[in-house]
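Student: take a look and give me a structure for this.
(one chain, ligands or ions: 1)
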Amino acid sequence: MTLTASARLMDGTALARRITEETAARAAAITERTGSAPCLATVLVGEDPASVTYVRMKRSRCAKAGIESRHLALPAETGTEELVDTLTGLSEDPAVHGILLQHPVGPHIDERAAFEAIAPAKDVDGVTVHSFGAMGFGLPGFQSCTPGGIMRLLDEYGVELAGRKAVVVGRSAILGRPVGMLLLARDATVTYCHSRTRDLAAELREADVVVAAVGRPRLVRGEDLKPGAVVIDAGYNPGNIGDVDFESASARASLITPVPGGVGPMTIAVLLAQTVDAAARQLGGSA
Ligand code: NAP
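Tutor: Model (predicted):
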């Protein structure tokens with residue numbers, strides 16, 4: 001059978017560019033008004049090549065948006081206590097407005113203890129229990145960046161969520177779980193699928209909106225989708241391959257994110273926007 005692509009692409013690159021232009025204007029206004037540029041501290045433990053690349057990309061986008069970045073590269077053998085001390089120091093440093101701990105940090109570190117050393121006011125990556133709780137209760141706070149980016153994409157393309165059935169595949173603390181919470185807050189009927197889900201295809205067939213956040217190349221296939229579904233592919237596997245089989249899925253979906261160029265650029269755009277929000281609050285005034 002030959003499949004013909006019919007879905008409209010959700011262009012994360014273009015939306016991220018627009019958000020970042022607004023962020024840059026807000027950063028410039030803060031710098032002019034206060035004499036201090038917004039500053040993001042990036043902390044990297046070890047030299048995992050993917051993590052090194054992610055941090056480099058984030059810092060380069062910061063520079064382009066007029067956000068300063070201060071990078072701390074810690075040796076792979078750094079322990080939990082030392083990492084917690086470093087993050088506590090950054091939390092107390094008035095010249096730093098946002099903190100990003102690049103993860104994963106390595107199995108010998110208590111990642112949760114490290115994240116919790118980040119002051120909630122500087123948690124621009126949305127990784128603390130405080131931020132997660134605020135998100136769950138619908139209170140103001142910083143969102144996890146990838147889920148926040150996904151919600152902005154859905155809004156940009158006018159996707160109706162209230163009363164629609166959303167299936168989130170994956171339940172990690174940084175991605176699947178919070179995106180489900182944000183969809184619920186918008187009155188979607190949310191189902192989480194995970195490695196113990198008995199019949200993933202049956203769940204997917206019911207979904208008006210699918211968010212794939214698994215880390216398994218092409219797990220979600222077109223034949224399992226409801227015709228006209230909106231498909232968000234947050235997966236990023238080696239070789240630029242998503243968690244959705246793009247070819248078959250785009251023949252069934254009404255809207256779909258490409259990989260790359262969908263969710264990925266949105267994550268950094270939200271990180272930068274939240275850094276400027278944090279700086280505005282800490283330096284006084286709004287931006
Ligand atoms: P993760 O922590 O490994 O979580 C994966 C989730 O998928 C788990 O909840 C797991 O279930 C579930 N899962 C595994 N196999 C499954 C299967 N066969 N069927 C259904 N569910 C299954 O991964 P993550 O950090 O959330 O990342 C997920 C993907 O998103 C990766 O490709 C990652 O690279 C990508 N990502 C992209 C961005 C971005 O900026 N674009 C940011 C973060 C992550 P259990 O809970 O039962 O183990």
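Student: can you give me the strands in the stretch 151-287 of the chain?
Tutor: Here the stretch 151-287 of the chain has its strands, by DSSP state E, counting those that start in this stretch, at 165-169, 189-193, 209-212, 230-233, 255-256.
Student: and those strands as CSV, adding mean neighbour count and distance to Phe142?
Tutor: Any C-beta I mention is one placed from the backbone N, CA and C, and that applies to glycine too. Listed next are the strands of the stretch 151-287 of the chain as CSV, based on neighbours: other CB atoms under 10 Å; distance: least, CB to CB, whole Å:
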stretch, mean neighbour count, distance to Phe142
strand 165-169, 26, 20
strand 189-193, 19, 21
strand 209-212, 29, 20
strand 230-233, 28, 21
strand 255-256, 24, 27
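Student: what would the ones you listed look like in a markdown table with mean pLDDT and distance to the ligand?
Tutor: A markdown table is the format used below for the strands of the stretch 151-287 of the chain (pLDDT from 0 to 100; distance: least, CB to the nearest ligand atom, whole Å):
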| stretch | mean pLDDT | distance to the ligand |
| --- | --- | --- |
| strand 165-169 | 99 | 5 |
| strand 189-193 | 98 | 5 |
| strand 209-212 | 99 | 8 |
| strand 230-233 | 98 | 9 |
| strand 255-256 | 98 | 15 |
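Student: what does the pLDDT read for Thr2?
Tutor: At Thr2, the pLDDT value in this model is 50.
Student: next one: Phe132
Tutor: Per-residue pLDDT puts Phe132 at 96.
Student: so what's the residue lying closest to it once chain neighbours are set aside up against?
Tutor: Sequence neighbours aside, Pro178 is the residue nearest to Phe132 in space, at 6.6 Å (criterion: CB to CB, 6 or more residues apart in numbering). For Pro178, the contacting residues are 126, 132, 135, 143-144, 147, by CB atoms under 8 Å, 6 or more residues apart in numbering.
Student: of the strands of the stretch 151-287 of the chain, which approaches Ala16 most closely?
Tutor: strand 230-233 (14.4 Å; CB to CB).
Student: give the partner strands of the closest one in its sheet and their orientations.
Tutor: Strand 230-233 pairs in its sheet with strand 209-212 (parallel), strand 255-256 (parallel), by DSSP bridges.
Student: what about the stretch 51-200 of the chain, any weak spots by pLDDT?
Tutor: Along the stretch 51-200 of the chain, segments meeting pLDDT under 70 are nowhere present.
Student: rewinding a little: neighbour-wise, give me the winner out of the contacts of Pro178.
Tutor: Counting neighbours by other CB atoms under 10 Å, Pro147 leads the contacts of Pro178 with 29 neighbours.
Student: residues in contact with the residue nearest to it when sequence neighbours are not counted?
Tutor: Once flanking residues are discounted, Pro147 sits nearest to Val179: 3.9 Å by CB to CB, 6+ apart. Residues near Val179 by CB under 8 Å, 6+ apart: 144, 146-147, 150-151, 168, 211, 213, 234.
Student: which of those residues sits closest to Asp187?
Tutor: For the contacts of Val179, the nearest to Asp187 is Met151 (12.9 Å; CB to CB).
Student: in this structure that closest one contacts Met181, no?
Tutor: No. Here Met151 lies out of contact with Met181, judged by CB atoms under 8 Å, at a distance of 10.4 Å.
Student: who touches both of those two?
Tutor: Counting by CB under 8 Å, 6+ apart, nothing touches both Met151 and Met181.
Student: would you convert the contacts of Val179 into a markdown table that also reports distance to Pro265?
Tutor: Formatted as a markdown table, those follow (distance: CB to CB, whole Å):
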| residue | distance to Pro265 |
| --- | --- |
| Ser144 | 16 |
| Thr146 | 11 |
| Pro147 | 15 |
| Ile150 | 12 |
| Met151 | 15 |
| Val168 | 21 |
| Val211 | 17 |
| Ala213 | 16 |
| Ala234 | 12 |
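Student: which of those residues fall within helices?
Tutor: In this view, these that belong to helices under DSSP state H are 146-147, 150-151.
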